[in-house]
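Student: Generate a structure from the sequence data that follows.
(2 chains)
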Amino acid sequence: MNMIVANRPVAPAATSSRPLVRIVIVGHVDHGKSTLIGRLLHETGSLPDGKFETLKAVSERRGMPFEWSFLLDSLQTERDQGITIDTTQIGFRTPHRDVVLIDAPGHAEFLRNMITGAAQADAALLLIDAFEGVRDQTRRHGYLLHLLGVKQVAVIVNKMDRVGFDRQRFQAISDEISAHLTGLGVTPTAIIPISAREGDGVGAASKRLGWHDGPTVIGAIDQFEPARALEQLPLRLPVQAIYKFDDRRIVAGRIESGHLTSGDEIVIMPAGKIAKIRSVESWPATSLRERHHAGHAVGITLDRELFLERGDIIGHTNSAPRATKRLRARIFWLHDEPLTAGSAILVRLGTKESRATVAAIDKAVDPGELSNAASAAIARNHVGEIDIALAQPVAVDIHTDNPHTGRLVIEVNGRIAGGGLVIGIDAAQRATPIDIVPMESALQPEERAARYHHRGAVLWFTGLPGAGKSTLARALERRLFQSGGSPVLLDGDTLRAGLNGDLGFSAKDRSENIRRLAEVAVHLARNGHIAIVAAVSPSTEDRAAARRIAGDLFREIYIATPAEVCESRDPKGHYAKARAGNLSGFTGIGNDYEAPHASELTIDTSHRAIAEATGDITRMLSRTGVLLDTVADLAAS
Amino acid sequence: MQRPSPVPPSRKPLSSPALVSSNAQLAPDPDGGLAGPSMDRLDQLEAQSIYIFREAFARLKKLALLWSLGKDSNVMIWLARKAFFGRVPFPALHVDTGKKFPEMYAFRDHYGKEWELDLRIEPCPPIDAVDPTLPPAARSAARKTEGLKMALAKYGFDGLIAGIRRDEEATRAKERVFSPRGLEGGWDVRDQPPEFWDHFNASPPPGAHLRIHPILHWTEADIWAYTQRENIPIIPLYLAKDGKRYRSLGDADITFPVESNAASIAEILVELAETKVPERSGRALDHETEDAFERLRVAGYL
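Tutor: Coordinates of the predicted model:
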């Protein structure tokens, strides 16, 4: 079978005067997407000559009643299963628009294909069966349209013939879906009752729907606007590559927002280096354009030799993106394995890629369900908010400031597994760190690793008072030192005597205490040392903050000794004091210790001798790439 | 290679008088490139394709561009030169069935040199080596699939850039921009990875490869309008002679002309705005059985 719908090619003279809109059609499976598309093609005169008659004949030959959806069942595999499995694109024209209609599958199994289709769209038609009403996939698709940034949504209430064109039924569905979409920040441009099969409300107003005073489907399409290029926003030029094909060193990329001109003073983020644009290059001849705008693929040369690389973002000096290693994002998840706290992922932000760890997960829900029972992991086809600790600093914007540089995708095993919007950038990160010039060490990490036989790391011992954190930390320090390593012990109480002397035990002070410990530890780790932190650190949130600060250098070791064993040990006499009411804010005898779920290692010292436990730790350090082979062998002997 | 002027000298005497440059009577961009903030449709298509080319070049190690000599793959080469400032920094692969029109070979030999392409011409196996259950024209076309597999094995490419478009044919409408192919070169339409926000899946499993489709979002009319605007050379078989022209070029024995009086690109564009005849109607392999084309594609055809 050949292309079954006219790809009615559009003459260039016509294209310039008629806006082109890309519209995705979404909704629950079997709510009538394919039927509506077939009807739209028919009503707009877009079908090839004789196609309607041919399909009718084919239907009769197969002994099936004619369905409009046959028009789209172009793949053999699809006919066999009777559902759309991937997005199909069809071009047609309405009175005032050139339209590319993207047909996205409604089956939950193929949500990744729905997202692939919807992410390309300027606008959406959300289809609801008047008989079945709002279903889980209707809500899910509504939520995803919001996450994908599709703001123009017309709701189509189909199959009105099955409910006798009943106005009350329409109103009830209209109210329900309006409430759902408005809750997501999406205001429908129209809510339209139709019967795609019978033709009511698609192209012309219908007598049977005489009570409806809104537009028809084609009328609603005529009001959709093409997405605008983001010219009004500050300049964002993500670097795609640096080419040195000849004596020019060309920085290539596509302008995502704003505009640039040769002579502009620019800043390259996240490093914060400043340069001027010397020229804007193009082929066949260097362009005469004064300004290059959002959407253009450009190549620029700079007035000085700077190190920059793919993934950097070029902005103007007074309006640069932010640099950070910690992000919060609202994401949808498409991978079979649920996303959990502690998961190792690859994050892509524009052309930048960085390894990362999921530091925390919040608000994980199925957007199709009405009840908002949150879970600890984000399952396939669900959504949630996550804190991400990136291995490298990245340049980024909040998505409300810049929709293009404020979104990311997540890859697992080389395959796109999810995506979402940046909703927060760690407050500790400065907006434009160009005033501060951090001094880098004269030594390379490899030089230190060659001497110490290990890489830098932050080992975070958490557990109840008396669990054995300090004892183990000291034993480990001794063992690493004996094998030629460079361990540094950071004891929470010791640091409270000096650096953290201004802090008490309120929740806020405890958080600040942890933050400072983590910052000192990561500084040591970046300089090749193994920072061993022993701190009760009872709050999951504080530990997640520490993980964010240390990124992939972080190794959490949970000393899971049972509370009664800890209390019986009571090495500092704190349990006794607390029981006697002489020690407030003491963690241990209440239930205020929040045990970790995704530690790199868990040790119960009531069952494990010190030497055995230290061996467990060094093995974990070898396995996770901290100890290089030689030192691991030495330590084990 | 820098051109001396944006308007190439057209219709200069070439090795074959049949080679023409498209429509030189059309003035260059009337506003001299001083485009305002809003880009027109061709500008947008071009920018998107350049972005795709640069992503492929940045993320894959061993790329090749499949040059079929047709209007679409010539636009692709033009776009690659725009993306990489005048050169095509990877080989152009012509999988040669040996049955193309003479005008196509003349075009290849001339422009392969003029465009300074790293041209690799790879032969196809004889018809006996191809699945005998396919209908005759499809079987003939499947030789190209086999030739492609042999070229892949020979060079170890991890990415092949191909000039297919969504509007050409129903199965192509479902393609991704970066489309993984299995070890046998096959396409699994049921398990395509998600692709959105111009983020592409660029990590094929070991031994497999990616097809990259930089002009997937273009239409037949876009190709002609762009060819006209940029003055890209074409094979003259596309222009009407004695009331017939070729809309799509394949092997000489299984490709047929359509009725047409369009003797210039401008006339082709007018014709396309009115026709309801599909582009590939002259390609016999598409019409033998309902699923012949899809079977070819699942097996690795373009």
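
Student: what are the ranges of the helices in the stretch 1-150 of chain A?
Tutor: In the stretch 1-150 of chain A, helices defined by DSSP state H, counting those that start in this stretch lie at A:12-17, A:33-43, A:51-61, A:76-81, A:111-118, A:136-148, listed in chain order.

Student: Against which helices or strands is the longest one packed?
Tutor: On a contact count with 3 or more Cβ pairs under 8 Å, 6 or more residues apart in numbering or on different chains; DSSP states H and E, helix A:136-148 meets strand A:20-27, helix A:111-118, strand A:123-129, helix A:167-183, strand A:322-333, strand A:415-425. Glycine gets a C-beta too; all of them are placed from N, C-alpha and C.

Student: Mind doing that once more with 10 Å?
Tutor: For helix A:136-148, the helices and strands in contact under the criterion 3 or more Cβ pairs under 10 Å, 6 or more residues apart in numbering or on different chains; DSSP states H and E are strand A:20-27, helix A:111-118, strand A:123-129, strand A:152-158, helix A:167-183, strand A:322-333, strand A:383-396, strand A:415-425.

Student: Just give me the longest helix of chain A.
Tutor: Using DSSP state H to define each element, chain A has its longest helix at helix A:507-526.

Student: For it, what does the pLDDT average out to?
Tutor: In this model, helix A:507-526 has an average pLDDT of 90.

Student: Hmm, A:Ala297 and B:Phe53 touching each other?
Tutor: Yes - between B:Phe53 and A:Ala297 there is a contact under Cβ atoms under 10 Å: 9.0 Å.

Student: still on that earlier bit, indicate which one of the helices and strands packed on helix A:136-148 is closest to chain B.
Tutor: When the helices and strands packed on helix A:136-148 are compared for distance to chain B using Cβ to the nearest Cβ, the nearest one is helix A:111-118, at 3.7 Å.

Student: Pull out the buried residues from the closest one.
Tutor: Within helix A:111-118, the residues that qualify as buried are A:111-118, counting by 16 or more other Cβ atoms under 10 Å in any protein chain shown.

Student: quick check: angle from that helix to strand A:20-27?
Tutor: With axes from the mean of the first three to the mean of the last three Cα atoms, to 10 degrees defining the directions, helix A:111-118 sits at 150 degrees from strand A:20-27.

Student: Show me what helix A:111-118 is packed up against.
Tutor: Using 3+ Cβ pairs under 10 Å, 6+ apart as the contact definition, the elements that helix A:111-118 packs against are strand A:20-27, strand A:88-93, strand A:98-103, helix A:136-148, strand A:322-333, strand A:415-425.

Student: Lowest average pLDDT across the ones you listed?
Tutor: Ranked by mean pLDDT, those bottom out at strand A:88-93, which scores a mean of 78.

Student: ok now it, how far from the chain's centre?
Tutor: Relative to its parent chain, strand A:88-93 has a centroid offset of 30 Å by Cα atoms, centre = their mean, to the nearest Å.

Student: and A:Ile603, backbone torsions?
Tutor: The phi and psi values for A:Ile603, taken as degrees, to the nearest 10, are phi -130, psi 130.

Student: Next, the contact list for B:Pro132, please.
Tutor: Listed by Cβ atoms under 10 Å, 6 or more residues apart in numbering or on different chains, the contact partners of B:Pro132 are B:Arg139.

Student: helix, strand or coil for it?
Tutor: Taking DSSP: H, G, I helix; E, B strand; the rest coil as the rule, one finds B:Pro132 in the coil state.

Student: Just give the nearest non-adjacent residue to the residue in the stretch 501-637 of chain A that chain B sits nearest to, would you?
Tutor: Nearest residue of the stretch 501-637 of chain A to chain B, counting by Cβ to the nearest Cβ: A:Asp552, 20.0 Å away. Nearest non-adjacent residue to A:Asp552, counting by Cβ to Cβ, 6 or more residues apart in numbering or on different chains: A:Ala391, 4.6 Å away.

Student: picking that back up, and the helices and strands packed on helix A:111-118 as TSV, adding mean neighbour count?
Tutor: Converted to TSV, the helices and strands packed on helix A:111-118 look like this (neighbours: other Cβ atoms under 10 Å in any protein chain shown):
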stretch	mean neighbour count
strand A:20-27	24
strand A:88-93	22
strand A:98-103	23
helix A:136-148	23
strand A:322-333	24
strand A:415-425	21
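
Student: Turn the ones you listed into a markdown table, including distance to B:Trp218.
Tutor: As requested, those are exported to a markdown table (distance: least, Cβ to Cβ, whole Å):
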| stretch | distance to B:Trp218 |
| --- | --- |
| strand A:20-27 | 13 |
| strand A:88-93 | 11 |
| strand A:98-103 | 12 |
| helix A:136-148 | 23 |
| strand A:322-333 | 29 |
| strand A:415-425 | 24 |
